[in-house]
Structure formats: C-alpha cells, structure tokens
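[1] please find the sequence and the predicted model below.
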Amino acid sequence: MVTDTIRSMTTYPDTETGMKQLSRSQVLEPVMMTAKGADVNASNMIGLIHNILISTFNPRILNGLVVEATDPTSNSITISAGHGAVGVSIYRLSKSQTVKIPFDANTHIFYVNLYSDGAKVERTTSPNQLTLAKIIVPKPGTSTVVKDDESEDFEWDAYIINLKEVKLYGNNKGKLEENSLQFLKNNIGDILADNLIGNIRLSEDLKITNSAGSLELNSNSMKLKDASDNVVAKFNREGTFFYDTDGIELAKFSVDGAKVGNITVTKNSIESGNFASGALGSGFQIQDNGDGKFNNIFARGKISSTVFEYDTVSGVGGNLLVTHDADKLNQDMTASSTALITDGDVTFASGDILWLKDGTNSEYMTIGTVTSATTYVVTRASGGSAVAWTKGTGIINLGQSGDGGIFLTASETNGPYMSVFTQDGSPWSGLTTKLRVGNLNGFLGYSSDKYGIAIGESTKYLKYDSTNGLRIAGHTLLGSLGISTGGYISSGQTAYNTGTGFWLEYNTGTPRFSIGNASGNQLTWNGTTLTTTGVINATSGNFSGSITVGIAGKVYIDGANEVIKIYDASDNLMVELGKL
C-alpha cells in the first residue's frame, strides 16, 4: 500500500517498467526524464501513510478499557484504565474514569469514545477514535438509568454493549473450532422468519422476532410490541404482564397472584397496592374467609349484620332512623315513572308511605297497587318533589297512618337524643314524638337543655330530669302497669296488710290499700270497708258532720245539731246529751 501511494504521487515515462525504475539507485533523475508530480512533500507522504495504516488496522482495545454501570446504578458509567490502538497510535487511559450519559428525548445510541486526551460520550464515531462501547437507550425520554445488561423486568433501562474485538478460529475445511462455535451459540443474534415449519429448540440467549417487529420470542419469554416498539405485553413462566408505553406495569396475572392497576389479587385476598393493616393502616383488603378491612364505606343499599364486635368503639355520623322496614331500587326510576322496582327483600303493602332521600333530594311516595313482591305502582310526590332516582337508592318504608319508628341523632337541633315517633299519614308535614331520651329541649314544655326522659303529651306525661326530678301528670291506673292482677305501689309492706309501711294495689279491679303495722296500728281499705286499728290521737282540728261509733250498741255524735245520742243493740235510745 505504501508503494502504491508513492506510485500515485510520481508518474514515470513508459520506457521502463515500474520495478526497473524502483531498482535504480536514484529514484528521480530530472536530467534524463520528465516526471509528473516529481515534487514529493515528505509530510504529505507521512500523513498519507498514516491514513493507510488507520484504514488497514482497525481501532482495537488492547488491554482494560471495560465500560461498566455504576454501583448503585445511575445515569453514569465507569471506564477502567487500559490502552488501545488506532492505526499506529496508542491511546491510554491511565486511571478509571466516570462519565455521565447525556440522556435526551431522541437519542437511541450513545458511543463511548477514547481519544488521546481521554474518554467522551458522543452520538457518533469516527476513524481517528477508539470506540469502547455502545449505550443502548430503549426509550429516549423515559430511560434514565444505565445497567450492565438488558433487563426484562425493567424494559426502559439503558444497557451497555462493550466493543472489544473477539476472534474466531477454524480449520481449513471451513468449520469453526469448538470454543469459537460455542461462543457463537451463546451470542447469536435475532432470527427473522416469516414462515417456520417444524420444531425449534432455542438456546438460552436465542431470540426470534417477526418481520413486523411486533413479536419477540426467546427461551425466557414472549413479548408483544406496538408500532413504536414499546413492549405492551409479556408472557413467561411467571405469568402474563401488561405495560403502558412508558413501561409502567398496568396489570399482571402470575403464579403468585394478579394485579390490575393498584388492585392486587393474592392467593387468599383482594387488596389495594398500598394496603397496610392496623388502626393507622391504609388501603383495603378482602380475604377469602369473608373478613374485610376498609376506611370509609358508602352503601347505596342495605347493610346487614348479625354481630357487632364487643368492646370496640364505632361511630355513626348524622342520624339513624329505624322504621317499619326498608329495601332499595333495583331499576332506575324517572321523575314521571309510577313503576317502582325493588330487590324484593321485603314486601310493601298498599297504602305504605315510602321515603327516598339522598344528599340533595327528598321525595315521599304512596303505594297504590302491589303487582308483585318486587313491583309496585306508586303515587309520586306525596310529599316533596318528583325526581329521577337511580338503581341502588335506599327506600325507607314509614308504614301507614299510626305506624312509627325510632330516630337517633347527635347532629340535629337540640341533639343528642333518641325519640320514638308516629306518623299520621302525612309524615312530610311532621312526626309526632311519643318519647324522648337525652336532651329534652323542645319537647313537652322544655325550652332549655335538660337531660333525662320524657313520655306522653302536654297534660299527661311522665318526665324526669336532674333539675326537676320526677314529675307525673294525668290519671295513673295501676292496672296499666302490665300485671293486671298484681299491679301495686308499695314501701315497706311486702303484700296487702303485711309488714310495716304501705301497700296500694290494683287487686283485679277491686283496689285496696293498707297503711301502718299489720300487727299494730293500721288503716286498711279492703275494697268495701275502711278499718282503723289502734289509738286515734287528734291534737287539733275538729270533726264535721256526723260520726257513729259502735260495738254492741252505738254512740251517735251529731256535730251539726250539737247532740250526742247513745243507743242499745236494738237501736233503742238510751241517753241523749246536748242541745235539747
């Protein structure tokens, strides 16, 4: 090549061959001949020869110069110390160097190039530099980390391909020797095939892709890609995985469970990806044994429970209403529709008044016709305005006139309290409270906060509060206490005229009472006769009217006429004293 270069620069006459000319002791003889370009510049000659050597001997790594990812991985790489050749020049890196990769939104490949004065990361290569490695960027704009090898678990991480020359050896029959053959088997590239018939046995690193580039198959997995070469699905022995265009996992179905978005399905539960157990935990979990853990629960329909856990604290915000029964809509209902479709958990009756309410709307309806256990014809807007109701809305049945319920509140005016109420057929106009427990303000004459219990009406009631004590107004019938043959009020005495104290009882419609000591001084009424036993000590006052005192006979005292008369047993007047 050097000889050819010299010939190209000097043209001799055709009278002698080039070889004879070169055998002369003097190459140029200006006196004997005329030559083209005989003025040869030495520096140009050296430069041309240098370029020939560069094109003849490819740049190559002689020792070291290995490009590796940092530990921990980052957006930088490290280059170990070493040296290499570019043509006849030796480039050296005396100590290891760390270089940052300038990731951007467009570059798919970066080159690590070694110059005489150090290493650089660039987007191109040239003959007068030694290229040490390539940095492959799967998704520019998303890839931010460099790793040593391509990773299936992290699709968009950049990875390093070192470019140290590898030599293969073979025999004179065109076959590779064993080590070279094994090297090819371990490093063979992609196989493109439009049609394949028969069986394929893949080595561990062999990959098969279709010509459209939408399918990639190797011994570890099968990948599906979109038109922009983004992996959108992957299948392997661990399961099936789906990704968005940024490589973020959208869903998976694996041997250990499944995941869709932030919802995870394990072998025995369904839970959110951020689930943490405990009172201060997060997310939710539903286990296969029926247990569940949640934060807030909003139920459009019914909540049923057989047991509420003992010795725990539960909170119910707002109001709690217990009525005749309840169900929920099983079909949307327009504002003009008169057909009401329920789940059928309970059966309403003709004339029942229903109440539907959400955070904005409230409407009362009256059932006219019962078509089936789930289908009814109703009168709309018995109270409130007719609105469109959606499937799942709760239906409160207030029953018919005279029916009632229990209302529990801690948020209404004058709360907290519990009240028992009835409705008179127009519950939208108001309910009649029969009993209140808690804050009595606003009920049965209370105008300030007083806590206790109040039952009854304005003139017939039983009220108790800590300020006024117990107050009873109206007729009290002992027989109404619930045990008609044994209703009583007592203190001390254990039965009628038994013991010391008093006893007042219903006595099956013939009331009687006893006061005092059953074995001493006493006053009794047996339903017919009032009897006094013992001494009557009158220290003041007087008797009015007439008094008759008698055992065998009788003494008649007439206070009005100021006369005392004594009769014998036959009622014969024996003595008469007084104003005669």
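    Yep, it's here. Predicted model, so just to flag it, every value in this text is computed and none were measured.

[2] so which helix or strand takes in the nearest residue to residue 226 once chain neighbours are set aside?
    Excluding its sequence neighbours, the residue lying closest to residue 226 (Cβ to Cβ, 6 or more residues apart in numbering) is residue 232, at 5.3 Å. No exception for glycine: its C-beta is placed from N, CA and C like everyone else's. Assigned by DSSP states H and E, residue 232 belongs to strand 231-236.

[3] how about the strands in the stretch 451-580 of the chain?
    Assigned by DSSP state E, counting those that start in this stretch, the strands in the stretch 451-580 of the chain fall at 451-456, 461-465, 469-473, 488-491, 500-505, 512-517, 522-525, 530-533, 546-550, 554-558, 563-567, 573-578.

[4] check the stretch 101-250 of the chain too.
    Applying DSSP E, counting those that start in this stretch to the stretch 101-250 of the chain gives strands spanning 109-115, 118-122, 130-136, 146-147, 158-162, 191-192, 207-209, 215-218, 221-225, 231-236, 239-243, 249-254.

[5] picking that back up, my read: the residue nearest to residue 226 touches residue 224, true?
    Yes - applying Cβ atoms under 8 Å as the test, residue 232 and residue 224 come out as touching, 5.6 Å apart.

[6] what does the strand holding residue 232 rub up against?
    Here strand 231-236 makes contact (Cβ atoms under 8 Å, 6 or more residues apart in numbering) with 152, 155, 220-226, 240-245, 247.

[7] and those, which are buried?
    155, 223, 225, 241-243, 247 (16 or more other Cβ atoms under 10 Å).

[8] re earlier: let's have the strands of the stretch 101-250 of the chain in JSON lines, adding distance to residue 492.
    Below are the strands of the stretch 101-250 of the chain laid out as JSON lines (distance: least, Cβ to Cβ, whole Å):
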{"stretch": "strand 109-115", "distance to residue 492": "105"}
{"stretch": "strand 118-122", "distance to residue 492": "106"}
{"stretch": "strand 130-136", "distance to residue 492": "103"}
{"stretch": "strand 146-147", "distance to residue 492": "95"}
{"stretch": "strand 158-162", "distance to residue 492": "98"}
{"stretch": "strand 191-192", "distance to residue 492": "109"}
{"stretch": "strand 207-209", "distance to residue 492": "103"}
{"stretch": "strand 215-218", "distance to residue 492": "100"}
{"stretch": "strand 221-225", "distance to residue 492": "93"}
{"stretch": "strand 231-236", "distance to residue 492": "90"}
{"stretch": "strand 239-243", "distance to residue 492": "83"}
{"stretch": "strand 249-254", "distance to residue 492": "81"}
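
[9] worst average pLDDT in those?
    Sorting the strands of the stretch 101-250 of the chain by mean pLDDT places strand 191-192 lowest, at a mean of 54.

[10] distance of residue 377 relative to residue 369?
    With distances taken as Cβ to Cβ, to the nearest Å, residue 377 is found 4 Å from residue 369.

[11] who's more crowded, those two?
    More crowded of residue 377 and residue 369, by other Cβ atoms under 10 Å: residue 377, with 13 against 10.

[12] hmm, the more buried one is touching residue 341, no?
    No - when contacts are counted by Cβ under 8 Å, residue 377 is not listed as touching residue 341 (11.0 Å).

[13] was I right to think residue 461 contacts residue 453?
    No - applying Cβ under 8 Å, one finds residue 461 not in contact with residue 453, separated by 10.5 Å.

[14] between the buried ones among the contacts of strand 231-236, which is nearest residue 391?
    Of all those, residue 391 sits closest to residue 242, with 31.7 Å by Cβ to Cβ.

[15] where's the closest one relative to residue 267, distance?
    Distance, residue 242 to residue 267, by Cβ to Cβ: 21 Å.

[16] before we move on, what about residue 129?
    Taking Cβ to Cβ, one finds residue 129 at 56 Å from residue 267.

[17] repeat for residue 327
    The value you get for residue 327 to residue 267, if Cβ to Cβ is used, is 37 Å.

[18] more neighbours, the two?
    Using other Cβ under 10 Å as the criterion, residue 327 and residue 267 rank with residue 327 on top: 21 against 8.

[19] is the more buried one bridged to anything, and to what?
    residue 395 (DSSP bridges).

[20] tell me which residues touch it, please.
    302, 342-346, 348, 394-395, 397.

[21] recalculate using a threshold of 6 Å.
    Listed by Cβ atoms under 6 Å, 6 or more residues apart in numbering, the contact partners of residue 327 are 342-343, 345-346, 395.

[22] try residue 67
    Here residue 67 is in contact with 77, 79, 112, 132-133, 160, 162 (Cβ under 6 Å, 6+ apart).

[23] from these, which would you call buried?
    The buried subset of the contacts of residue 67 - by 16+ other Cβ under 10 Å - is 77, 79, 112, 132-133, 160.

[24] residue 280: which of the residues you listed is nearest?
    residue 77 (43.5 Å).

[25] counting by contacts, list what the one helix or strand the closest one maps to packs against.
    Residue 77 is part of strand 76-79, with elements assigned from DSSP H and E. Judged by 3 or more Cβ pairs under 6 Å, 6 or more residues apart in numbering; DSSP states H and E, strand 76-79 is in contact with strand 67-69, strand 97-100.

[26] which residues touch that strand?
    Counting by Cβ under 6 Å, 6+ apart, 67-68, 70, 96-100, 119, 146 sit against strand 76-79.

[27] residue 127: neighbour count?
    11.

[28] per-residue confidence for it?
    72.

[29] same deal with residue 296?
    Value listed for residue 296 in the pLDDT field: 77.

[30] domain parsing for this structure?
    Using automatic domain parsing, the domain parsing of the chain gives 2-56, 60-162, 319-400, 405-475, 479-533, 546-578.

[31] ends of the second one, what's the gap?
    By Cα to Cα, to the nearest Å, the extent of domain 60-162 from end to end equals 12 Å.

[32] dump the contacts of residue 67 to JSON lines, plus distance to residue 297.
    Shown next, in JSON lines, are the contacts of residue 67 (distance: Cβ to Cβ, whole Å):
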{"residue": "77", "distance to residue 297": "52"}
{"residue": "79", "distance to residue 297": "59"}
{"residue": "112", "distance to residue 297": "58"}
{"residue": "132", "distance to residue 297": "61"}
{"residue": "133", "distance to residue 297": "57"}
{"residue": "160", "distance to residue 297": "52"}
{"residue": "162", "distance to residue 297": "58"}
